[in-house]
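> Structure of the sequence below:
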Amino acid sequence: MDNYASRFDWHKAVDSTVSNALGGCYPRDWKDEDHLTRTLLSALRNEHSSVTIDKDKIIGKKSKCHWDIYKNTKQKGMEPKHGDIGVLVQLHFDNGKVLEGVAFLEAKRIYHDPSDDSKSKFTALDTEQLERYCANSPFHRTVFYDCLKTKDGYTAVSVTLPTRHLLTIDKNDRDIYLYCEYLSYCLTNRYFQGYELDFDPDLVNSVKGFLGDNGGVEYLIVAQSTLKPELELNPELIEINRDIYKSIDTPEPDNTPTNNFGGPRM
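Numbers count the residues shown, from 1 in each chain. This is a model prediction of the structure:
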């Protein structure tokens, strides 16, 4: 189990993992969006899936978060209603009280312009698709994968914003970053604290994979979080359809040389 002095320290560590994981995919594997998502989630699971925070909240009470990541093995029979990534969070409060909520992310990668990187865009953004996702859940977000050119090479980042904001801004280039926050912050300081979740029971059961083609997501993050450090957490105890969802495997090691990323962060 990893231990951090504060939730902000955890956020910084997660952000470093995000940058390294995506950076290792550029340039050779950048065209495969599913590979980017799988590589990123695998790295996050391997490095941050069991965490204790020493001083959380104003009163300084310890908190814990355990999580795992699953891959939907029946994607071809699944109706795409929510996007690429689902986040299922089980919150444990005092006196045995439990609350479950879900959130959704649609992942999009940057399409680099080989002649002028400043003209690179998120070409695959689909307004009709995003409108549909927002109609299914008002808390839907879009997450962006990018490798930014710097004076020292490239640095990889992932940022996110509510999809309804994105539709209103109506842009598909890096100008949207003015309105974004880091994916790492969204995970550690929003979702895993129970913020920006949809608590509708039917939607929760749908994401768990119990409603046939009307539910499920391609990748599912399953997390437990509590401010009671003495409570033993185990995400495997959260009931999901394990005939559909299988724990994600770490990608096979690749010995092909890749770029060395450095330089200032965004």
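
> Spatially nearest residue to Met1 (excluding sequence neighbours)?
Spatial nearest neighbour of Met1, excluding adjacent residues (Cβ to Cβ, 6 or more residues apart in numbering): Ser50 at 4.4 Å. In this view, the C-beta of every residue, glycine as well, is placed from N, C-alpha and C.

> pLDDT score for that neighbour?
Looking at Ser50, its pLDDT reads 91.

> With Arg28 instead?
pLDDT, Arg28: 89.

> Need phi/psi at it.
phi -60, psi -40 (degrees, to the nearest 10).

> For Ser137, see how far away the residue nearest to Met1 is.
Using Cβ to Cβ, to the nearest Å, we find Ser50 at a distance of 28 Å from Ser137.

> Compare those two (neighbour count), which wins?
Ser137 (21 against 15; other Cβ atoms under 10 Å).

> Test my guess that that one contacts Gly101.
No - contact criterion Cβ atoms under 8 Å: Ser137 and Gly101 do not qualify, at 10.7 Å.

> Find the residues that touch each one of those two.
Counting by Cβ atoms under 8 Å, 6 or more residues apart in numbering, the residues touching both Ser137 and Gly101 are Asp198.

> how distant is stretch 134-150 from the center of its chain?
The chain centroid and the centroid of stretch 134-150 are separated by 9 Å under Cα atoms, centre = their mean, to the nearest Å.

> And stretch 91-100, by the same measure?
That offset, for stretch 91-100, works out to 23 Å (Cα atoms, centre = their mean).

> May I see the buried residues of that stretch?
Applying a neighbour-count criterion of 16 or more other Cβ atoms under 10 Å, one finds Leu91, His92, Glu100 buried in stretch 91-100.

> quick one: low-confidence parts of the stretch 51-200 of the chain?
For the stretch 51-200 of the chain, applying pLDDT under 70 flags the ranges 56-61, 75-80.

> Okay, strands next: where are they in the stretch 101-250 of the chain?
With strands called from DSSP state E, counting those that start in this stretch, the stretch 101-250 of the chain shows them at 141-150, 153-162, 181-182, 219-226, 245-247.

> So which elements touch the fourth one?
Under the contact criterion of 3 or more Cβ pairs under 8 Å, 6 or more residues apart in numbering; DSSP states H and E, strand 219-226 touches helix 33-48, strand 61-72, strand 85-92.

> Deepest in the core, which of these is it.
Highest mean neighbour count among those (mean count of other Cβ atoms under 10 Å): strand 85-92, with a mean of 23.

> Tell me how far it lies from the chain's centre.
So, by Cα atoms, centre = their mean, the centroid of strand 85-92 is 11 Å from its chain's centroid.

> Partner strands of that strand, with direction?
strand 98-109 (antiparallel), strand 219-226 (parallel) (DSSP bridges).

> I'd like to check the angle between that strand and strand 141-150, please.
Angle of strand 85-92 versus strand 141-150, following axes from the mean of the first three to the mean of the last three Cα atoms, to 10 degrees, is 120 degrees.

> Dump the C-alpha coordinates for strand 85-92 into CSV.
Coordinates of each C-alpha in strand 85-92 appear next as CSV, following Å, rounded to 0.1, in the frame of the first residue of the first chain:
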residue,chain,number,x,y,z
ILE,A,85,-14.3,4.4,-19.4
GLY,A,86,-16.7,4.0,-16.5
VAL,A,87,-15.8,4.8,-12.9
LEU,A,88,-17.8,2.9,-10.2
VAL,A,89,-17.1,4.2,-6.7
GLN,A,90,-18.3,2.6,-3.5
LEU,A,91,-18.1,5.1,-0.6
HIS,A,92,-18.0,3.8,3.0
